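*Asks:* Only the shape, not the letters, is given here:
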């Protein structure tokens, strides 16, 4: 079996794939060793969409966008396989990458990843409130608790931090 985090083997295997066909692909950052696994009916077209969104700083996946920005766009695009059975195969390929190295934000193969299922436990509400009141950046709080900013605001409202001002706290 191919080690999907080995770029040399991935490069050697690319000639066998149909870039305009359906299948599973990986966007890999050699600097961070992190990867994004995706699927498409037309991989080439999907890559063009990813590149345009990343270059315009408007990619829907904030982890992929941050990686792109941090490493000056040093991302590699690889086809993992051509297949019509995309959901199942995307999930399979994503399962080969350790969770901490996977840049997928919400779903892989139509299934939520462990990261997207993360919730703040009631025992953490006090910590969240104290960190928020101390001025910790919203992005850092969301990352610390493993949730999206949107979910963070819902928790803040739920625990009584009703004076949450989204715009002023995001980029402080």
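*Replies:* Happy to help now that I have it. Note that this is a predicted model, so its numbers are computed, not measured.

*Asks:* Surely residue 62 is in contact with residue 104?
*Replies:* No - contact between residue 62 and residue 104 fails when scored by C-beta atoms under 8 Å: they sit 11.5 Å apart. Any C-beta I mention is one placed from the backbone N, CA and C, and that applies to glycine too.

*Asks:* So between those two, which is more surrounded?
*Replies:* Set residue 62 next to residue 104 and count neighbours by other C-beta atoms under 10 Å: residue 104 wins out with 22 against 15.

*Asks:* Report pLDDT for residue 113.
*Replies:* Listed pLDDT for residue 113 reads 47.

*Asks:* make that residue 36, sorry
*Replies:* 92.

*Asks:* and what of residue 123?
*Replies:* For residue 123, the pLDDT comes out at 76.

*Asks:* Endpoints of stretch 140-158, how far apart?
*Replies:* Across stretch 140-158, the terminal residues are separated by 19 Å (C-alpha to C-alpha, to the nearest Å).

*Asks:* residues near residue 17, how many?
*Replies:* Neighbours of residue 17 using other C-beta under 10 Å come to 16.

*Asks:* now do residue 148
*Replies:* 17.

*Asks:* ok, residue 60 - contacts?
*Replies:* 53, 105 (C-beta atoms under 8 Å, 6 or more residues apart in numbering).

*Asks:* can you tell me how far it sits from residue 103?
*Replies:* Residue 60 sits 12 Å away from residue 103, taking C-beta to C-beta, to the nearest Å as the criterion.

*Asks:* before we move on, what about residue 13?
*Replies:* 21 Å.

*Asks:* With neighbour numbers in mind, choose between these two.
*Replies:* residue 103 (24 against 14).

*Asks:* My guess is the more buried one contacts residue 67. True?
*Replies:* Yes - assessed by C-beta under 8 Å, residue 103 is found in contact with residue 67 at 6.2 Å.

*Asks:* Please identify the next secondary structure element, helix or strand, after the helix-or-strand element of the chain with minimal mean pLDDT.
*Replies:* Lowest on mean pLDDT, DSSP states H and E among the helices and strands of the chain sits helix 114-117, with a mean of 44. Once the chain leaves helix 114-117, the next helix or strand it forms, by DSSP states H and E, is helix 125-133.
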